[in-house]
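>>> No letters, just coordinates:
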């Protein structure tokens, strides 16, 4: 489907640089919540350091859009999983104007060897099957970064939207780790974003706001951010976590 | 607690502010800007009051381009040297190439990057493009229409189409959120007025710019100890009582432009009162607090260094209208913040952002981190001071290394032409290779947004 062209009063363009304006869905203008920003950026830094090719297993356009945008230059291959369309006809629209049309492959006929993979996120119906494919795709010793939402994620705006959720039935962090270990991976690290202490500081921020103490509220907010990232077991108590695993 | 007009006993900064010092600062800053260019434009990590962006380091098409393009145009105007114009145009081309099919600019969210739709960043890019277009038009170069068209696509396709709220008669900060941010709106007003001047489309002024200026006026405090201050933000008519001297100063150019267009003295008076408020809070060393709250409460740290270029610019803009302010203490504060490679320190006191206690002897990593979006504000202001006949000496520093703290640890900050690093003894804790879109080393403990 071609997007309608806005009646934008464009000036004459002697150098021919501008095409007609195309409105996009509001999705690209919606920044993810801070939890997901951290998770995506962590994966991006690690994947860029490893270098491509990188396989991106995404359970929704939300994950695909945010991850592919960050993996520009990494020879990324997108593997849509779950219920969202993998048809190349509308994938450009789903990914938005910021993402170059990526290499798209379907799970069942994957033909790629990757130095690293990002998986967002394991779901009840498909996680076992996807993990098998991730294992096949990754080169020996290759790294896998798994973004998983915990039960606290239900409070995040991404999981309250009516125009597409990040996933359908996420398995969560604990089950993700178990599956990875059973599936031929060594779990090297686990990070969570917006840990318990950080959440408490967030409440302190709101309290200070209600008391009319903007000065103290701001300080609580920055304390919340300073304590945002937790590792190990504490990550189980966060809305969003990233598991770093290596193929054995 | 009312701490207005305090004398906190800081020593006035002892630095020579003369023509040679200005010229040298500009040349060193230009050399540093060159080191910050990647394949698509100017990049680098960002430290900010709201959020940090250490991981994504690629080109950001945000307000850095306002300072860079207009700064180079300033130099071109003052020297006639084509190299400066070439750099302004190269930066303009970054914006043209980085425009998306929606009219937005790629990675335009500065400290929130990598996202598009940044405010006031896209408006600041438009303003820069329009300045460039104006110079090209005066030269009779048809390329001016390319830069004009790029700005128009953004102003119409994003700001007017997506952010204009006809009910509120003002621009929103986000298509889905009915919020208004005066300083951001002021930048857009500047762009709208400039676009109207270049195209003759006065409807832009009547329908969009003037109502927006009225909305800014409605956010200015009338009377009392906060007289002249401008609320940072409002949502559905609820004003958020945070007053940032830096952001209030960023309202001044839009108000002055509104006055110059209309002759309506209310805009000029508002600008004067705004700057009066800002200067009431200036410390003896020329610095400003970060935020002022009702009741005279202050979160002083971090105190901007590079960004004071925009406060100085506001003073300069009002000087022709009889506003008397001595820029020297702040200019000295700014110049003292220049690092050997030419970039400017971002701030003083990031380590005290939570405690608000007097900072320790060592600067924090974010204090030292030269951020292009802040240094560009220094650049724009200093290039406007470029003295006639100044010599263009080349900068010589190759490596800058200094102890600092981060999360309570003593570390070493290092910058060369090729990279910015943070060392924990012999271990790199952070590394950005200039030109790369992502930090090479940024372990989770550095993930502090």
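That came through, no problem. Bear in mind that the values here come from a model prediction, so they are computed numbers and not experimental data.

>>> Now the element after the helix or strand hosting residue A:133, going C-ward?
Using DSSP states H and E, residue A:133 falls within helix A:127-137. Where DSSP H and E defines the elements, the next helix or strand beyond helix A:127-137 is strand A:138-149.

>>> I'm curious whether that next one, anywhere along its length, sits up against chain B.
No. Shown here: strand A:138-149 not in contact with chain B (Cβ under 8 Å from any Cβ of the partner chain), separated by at least 12.2 Å. In short, each C-beta sits where N, CA and C put it, glycine included.

>>> pLDDT of that strand, averaged?
Strand A:138-149 carries an average pLDDT of 96.

>>> what's the helix holding residue A:133 in contact with?
A:55, A:57, A:79, A:81, A:107, A:110, A:112-114, A:117, A:119, A:122, A:144, A:171, A:175-176, A:179-180, A:183-185, A:247 (Cβ atoms under 8 Å, 6 or more residues apart in numbering or on different chains).

>>> Any chance of a ChimeraX selection covering the buried ones in those?
Entered in ChimeraX, the line below selects the buried ones among the contacts of helix A:127-137, by 16 or more other Cβ atoms under 10 Å in any protein chain shown:
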select /A:55,57,79,81,107,110,112,114,117,119,122,144,171,176,179,180,183,185,247
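
>>> quick revisit: the helix holding residue A:133 relative to strand A:138-149, how many degrees between them?
If you take axes from the mean of the first three to the mean of the last three Cα atoms, to 10 degrees, helix A:127-137 sits at 150 degrees to strand A:138-149.

>>> and residue B:170, what are its phi and psi?
phi -160, psi 170 (degrees, to the nearest 10).

>>> so it touches residue B:215, yeah?
Yes. Counting by Cβ atoms under 8 Å, residue B:170 touches residue B:215, with 3.9 Å between them.

>>> between those two, which one's more packed in?
residue B:170 (27 against 19; other Cβ atoms under 10 Å in any protein chain shown).

>>> which residues touch that one?
Residue B:170 touches B:180, B:185, B:211, B:212, B:215, counting by Cβ under 8 Å, 6+ apart.

>>> Give me the pLDDT for it.
95.

>>> So it versus residue B:237, what's the distance?
11 Å (Cβ to Cβ, to the nearest Å).

>>> Quick check: chain neighbours aside, which residue is closest to the spatially most central residue of chain A?
Among the residues of chain A, the one closest to the centroid is residue A:63, at 4.2 Å (Cα atoms, centre = their mean). Nearest residue to residue A:63, sequence neighbours excluded (Cβ to Cβ, 6 or more residues apart in numbering or on different chains): residue A:120, at 4.0 Å.

>>> next one: residue B:220
Excluding the flanking residues, the one nearest residue B:220 by Cβ to Cβ, 6+ apart is residue B:230, at 5.1 Å.

>>> Check residue B:404 too.
Using Cβ to Cβ, 6+ apart, the nearest residue to residue B:404 is residue B:413, at 4.7 Å.

>>> related to what we said a few turns ago, the residue nearest to residue B:220 against residue B:217, yeah?
No. Using Cβ under 8 Å, residue B:230 is not in contact with residue B:217; the gap is 9.1 Å.

>>> what packs against the longest helix anywhere in chain A?
Identified as the longest helix of chain A according to DSSP state H is helix A:34-50. Helices and strands touching helix A:34-50, by 3 or more Cβ pairs under 8 Å, 6 or more residues apart in numbering or on different chains; DSSP states H and E, are helix A:61-70, strand A:114-120, strand A:138-149, strand A:185-193, strand A:240-247.

>>> could you give the angle of it to strand A:138-149?
170 degrees.

>>> Enumerate the positions of helix A:34-50 that are buried.
A:34-48, A:50.

>>> The residue nearest to residue B:404 belongs to a strand?
Yes. Under DSSP: H, G, I helix; E, B strand; the rest coil, residue B:413 falls within a strand.

>>> burial of it, as a residue count?
Residue crowding around residue B:413 was assessed by other Cβ under 10 Å; the count is 25.

>>> which residues does residue B:56 bridge with?
In this structure, residue B:56 bridges to residue B:438 when assessed by DSSP bridges.

>>> Contact partners for it?
Applying Cβ under 8 Å, 6+ apart, the residues near residue B:56 are A:41, A:44, A:70, B:107, B:113, B:114, B:437, B:438.

>>> got it, and residue B:358?
Counting by Cβ under 8 Å, 6+ apart, residue B:358 has contacts residue B:352.

>>> Help me confirm that it is found in a strand?
No. Applying three-state DSSP, one finds residue B:358 to be coil, outside a strand.

>>> separation between it and residue B:301?
Distance from residue B:358 to residue B:301, counting by Cβ to Cβ: 9 Å.

>>> Now do the shared contacts for these two.
Going by Cβ under 8 Å, 6+ apart, residues that sit against residue B:358 and also against residue B:301 are residue B:352.
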